[in-house]
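Engineer: Build me a model:
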Amino acid sequence: MVSENKLLLSFLLELSEALSNYGQPQIQEELPKLFCEVIKADGCAIYEQKINNYILHKQYSASVSSHFASFWQQIGWNLSTAAVYIDAPETAGRYFQGGIWQRCLLLPLLREDKIEGVLLAGWAGASPLDGLLQEELRLLQPISQLLSDIYCTTHLITALKEREKSLSILYQKAEQELENGRRQVSLALHDEVGQVLTSILLQLNILQQSEDLDYVKGRLGGLSHITQQTLEEVRRISHNLRPALLENLGLQAALESHIKEYTDSTGIAVEFRHHNLEERLPDDVEIIVYRAVQEGLTNVARHAGASSVMINLTVKSNKLLLQIADNGKGMEERKSSGLGLLGIEERVKLAKGKFWLLNQKDQGLTLNILLPLV
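Structural biologist: The predicted structure follows:
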């Protein structure tokens, strides 16, 4: 028993030294081999838990006849949170694919008492762990936690880095669009509204000095027309900032109006199905859905090569589900659509909703949004 304990402690020391000398990607590659060398195993594999399966992540075999399955169903292994050593050949062989295995060690990779994966080591004959009591396997607990840190957090770190990069790009784009929007509003107010109002003011000053009532009446008709045009221009600018229909009549009317304009300008047929939209929704939900439909349809027109779009909008049980499905070429061949979709996703997440895509090559893309209404 003392020798077995020394063996486990030796592995802990070897692992600690490897962690200090190598980066995480390298230690991921080398660790199965290191485990085999220290614990005298003939093969070692790391499996990661994904949904209901254990997926092979890394492996090392001292013999070409040693084989590890590419995945196992979770129910087939029925792991506990404690390490298990099996010295019965018939039982041990069930955890491998091919080869003659006489012993095996199952070491769960734990994070907060949840199994994130498993290390599987095997021996074709006698093992240094023979005779080891089950309670002695507790020495492997620190190894289990180290392995979990090495293998099971990498994809989270990678995903966070990618998300941070995407958010940085999105922030820069949002800043640029905000500045462009300010510039456009400023130019529109100066060039269109400002100049017209200046003209109206000058003409009013002239009329104030005139004593010819017929002349004044004639000029007032023209000023009325110019004023009406200016009012329409102000409304257009306001609509670009926040649609008046959305503000006054609600989501359904605003979407129907936008869809009609979209179809008229692009020639893409859009079918709009909606359920339970009789009552007004919270302001933030309405603007998220409206902007999502705007961006989704724009994305279809620019990248999808689609001829038709189906929009489903349903309110049920304090939740809203939006689906935008096109019959285009799917997402793989699309270009420059990532930031627009990322912008939608961020709006949805800020509202504590869910965003996901269903993509089928040559069969189109479906954008899905689920938003809470309470």
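Engineer: three-state assignment of Glu48?
Structural biologist: Of the three states, Glu48 takes strand under DSSP: H, G, I helix; E, B strand; the rest coil.
Engineer: That one bridge partners, please.
Structural biologist: Residues in a beta bridge with Glu48, per DSSP bridges, are Ile55, Gly117.
Engineer: Please list all residues in contact with it.
Structural biologist: Counting by C-beta atoms under 8 Å, 6 or more residues apart in numbering, Glu48 touches Tyr54, Ile55, His57, Glu116, Gly117, Tyr151, Cys152. All C-beta spots, glycine's among them, are computed from the backbone N, C-alpha and C.
Engineer: same deal with Leu119?
Structural biologist: Here Leu119 is in contact with Phe35, Cys44, Ala45, Ile46, Tyr47, Leu105, Leu106, Leu107, Leu109, Ser144, Leu147 (criterion: C-beta under 8 Å, 6+ apart).
Engineer: With pLDDT and neighbour count as new columns, can the residues you listed be given to me in JSON lines?
Structural biologist: JSON lines is the format used below for these (pLDDT from 0 to 100; neighbours: other C-beta atoms under 10 Å):
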{"residue": "Phe35", "pLDDT": "82", "neighbour count": "25"}
{"residue": "Cys44", "pLDDT": "90", "neighbour count": "26"}
{"residue": "Ala45", "pLDDT": "89", "neighbour count": "24"}
{"residue": "Ile46", "pLDDT": "88", "neighbour count": "26"}
{"residue": "Tyr47", "pLDDT": "89", "neighbour count": "27"}
{"residue": "Leu105", "pLDDT": "91", "neighbour count": "26"}
{"residue": "Leu106", "pLDDT": "89", "neighbour count": "20"}
{"residue": "Leu107", "pLDDT": "89", "neighbour count": "24"}
{"residue": "Leu109", "pLDDT": "85", "neighbour count": "24"}
{"residue": "Ser144", "pLDDT": "75", "neighbour count": "23"}
{"residue": "Leu147", "pLDDT": "76", "neighbour count": "24"}
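Engineer: farthest-separated two in those residues?
Structural biologist: Ala45 and Ser144 (15.2 Å; C-beta to C-beta).
Engineer: picking up where we left off before, how about the contacts of Leu119 in JSON lines, adding distance to Trp356 and secondary structure?
Structural biologist: Shown next, in JSON lines, are the contacts of Leu119 (distance: C-beta to C-beta, whole Å; DSSP: H, G, I helix; E, B strand; the rest coil):
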{"residue": "Phe35", "distance to Trp356": "38", "secondary structure": "helix"}
{"residue": "Cys44", "distance to Trp356": "36", "secondary structure": "strand"}
{"residue": "Ala45", "distance to Trp356": "32", "secondary structure": "strand"}
{"residue": "Ile46", "distance to Trp356": "29", "secondary structure": "strand"}
{"residue": "Tyr47", "distance to Trp356": "26", "secondary structure": "strand"}
{"residue": "Leu105", "distance to Trp356": "39", "secondary structure": "strand"}
{"residue": "Leu106", "distance to Trp356": "34", "secondary structure": "strand"}
{"residue": "Leu107", "distance to Trp356": "34", "secondary structure": "strand"}
{"residue": "Leu109", "distance to Trp356": "28", "secondary structure": "strand"}
{"residue": "Ser144", "distance to Trp356": "33", "secondary structure": "helix"}
{"residue": "Leu147", "distance to Trp356": "31", "secondary structure": "helix"}
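Engineer: Looking at those residues, which is nearest Gly125?
Structural biologist: When the contacts of Leu119 are compared against Gly125 (criterion: C-beta to C-beta), the nearest one is Leu105, at 14.4 Å.
Engineer: Does the closest one touch Ala82 like I think?
Structural biologist: No - look at Leu105 against Ala82 with C-beta atoms under 8 Å: they stay out of range, at 11.8 Å.
Engineer: Buried subset of the contacts of Glu48, written for ChimeraX?
Structural biologist: Only the buried entries of the contacts of Glu48 go into this ChimeraX selection, using 16 or more other C-beta atoms under 10 Å:
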select :54,57,116,117,151,152
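Engineer: For Gly122, name its beta-bridge partners.
Structural biologist: Applying DSSP bridges to Gly122, the residues it is bridged with are Gly43, Cys104.
Engineer: Over to Gly364?
Structural biologist: Beta-bridge partners recorded for Gly364 (DSSP bridges): Gln360.
Engineer: per-residue confidence for the closest residue to Leu297 other than its chain neighbours?
Structural biologist: Nearest residue to Leu297, sequence neighbours excluded (C-beta to C-beta, 6 or more residues apart in numbering): Tyr262, at 5.3 Å. As predicted, Tyr262 sits at a pLDDT of 88.
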